[in-house]
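> Build me a model:
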Amino acid sequence: MAEAAASASAKKLIRIDVSSDSVCPWCFVGKRNLDKAISASRDQFDFEIRWHPFFLNPSAPKEGVNKRDFYRQKFGARSEQIIGRMTDVFSGLGLEYNIDGLTGNTLDSHRLIYYAGQQGLHKQHDLVEELFLGYFTRAKYIGDREFLVESAKKVEIEGAAEFLENPENGLKEVMEELEKYSADISGVPYFVINDHEKLNGGQPPEVFLRAFKLAAN
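Residues are numbered from 1 along each chain as shown. Sure, this is the predicted structure:
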């Protein structure tokens with residue numbers, strides 16, 4: 001009798017695979033909204049979140065380019081409108097959207113995110129938050145080794161500097177994940193919930209909550 005009651009009350013596991021790029025503002029918005037939905041439903045579900053790589057600009061230079069110039073080059077006359085829109089969206093999340101600094105190649109950030117996952121999925125999730133915060137609100141450069149190592153230390157990831165030192169470390173795994181999780185998608189963020197429910201874009205928390213219920217059933 002007690003066993004039946006315990007199994008009936010056991011929380012269902014919700015597994016979430018997220019394809020994302022570290023310089024994608026909607027990926028940060030999606031993560032913040034996902035986190036809100038998770039907080040609102042922890043009494044119903046247990047969660048396991050894995051982050052996977054996507055490259056918005058695979059040929060982005062490693063040395064970085066001025067972020068505002070890059071926006072102008074990519075979006076032309078629409079760039080200021082897009083920046084204004086993101087500023088409003090971030091403000092709604094209690095964040096200040098910072099367009100200063102550099103943008104560029106995100107490979108090292110994805111290598112580090114993979115490495116963090118080897119030390120615990122909660123650390124991986126926390127690292128993704130730190131990278132987004134630094135890049136989008138503090139004008140940190142995503143390709144800056146010092147910033148990556150500093151972010152890893154904040155979330156108690158050990159050995160990040162040594163891992164990043166060798167450019168081969170994590171490279172094979174990042175490319176395998178890219179092929180497995182992101183080869184068939186054209187944009188991020190992209191969420192797959194329990195291999196069944198699929199969502200893309202910076203969805204509001206209530207959309208995630210509905211997807212959790214559908215996936216659990």
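> Provide a list of residue ranges in this protein with pLDDT below threshold.
1-9 (pLDDT under 70).
> my guess is Glu48 meets Asp17, correct?
No: under the criterion of CB atoms under 8 Å, Glu48 is not in contact with Asp17, lying 9.4 Å apart. C-beta: built from backbone N, CA, C; applies to glycine.
> And for Thr97, the neighbour number?
Wrong residue type there; residue 97 is Tyr, not Thr. 18 (other CB atoms under 10 Å).
> Roughly how far does it sit from Phe90?
From Tyr97 across to Phe90, the span is 4 Å (CB to CB, to the nearest Å).
> repeat for Leu102
From Leu102 across to Phe90, the span is 19 Å (CB to CB).
> next one: Lys36
15 Å.
> could you measure the closest residue to Asn98 other than its chain neighbours against Trp26, distance?
Spatially, and ignoring its direct neighbours in sequence, Asn98 is nearest to Ala139 (4.9 Å; CB to CB, 6 or more residues apart in numbering). In this structure, Ala139 and Trp26 are 19 Å apart, going by CB to CB.
> what do you get for Trp51?
For Trp51 relative to Trp26 (CB to CB), the value is 15 Å.
> okay, the two: which has more neighbours?
More neighbours surround Trp51 than the other of Trp51 and Trp26, with 26 against 18 (other CB under 10 Å).
> mind listing what that one touches?
18, 20, 113, 117, 124-125, 128 (CB atoms under 8 Å, 6 or more residues apart in numbering).
> Out of the residues you listed, which is nearest to Arg78?
Ser20 (23.1 Å; CB to CB).
> Tell me which residues are up against stretch 87-107.
So stretch 87-107 is contacted by 21-23, 25, 29, 32, 53, 55-57, 60-68, 70-71, 83, 86, 135-143, 171, 174, 202 (CB under 8 Å, 6+ apart).
> in that stretch, what counts as buried?
Using 16 or more other CB atoms under 10 Å as the test for burial, stretch 87-107 gives 87, 89-90, 95, 97-99, 101-107.
> do stretch 209-217 as well
209, 211-212, 215-216.
> Endpoints of stretch 16-33, how far apart?
14 Å (CA to CA, to the nearest Å).
> How far away from the center of its chain is it?
On the basis of CA atoms, centre = their mean, to the nearest Å, stretch 16-33 sits 4 Å off its chain's mean C-alpha point.
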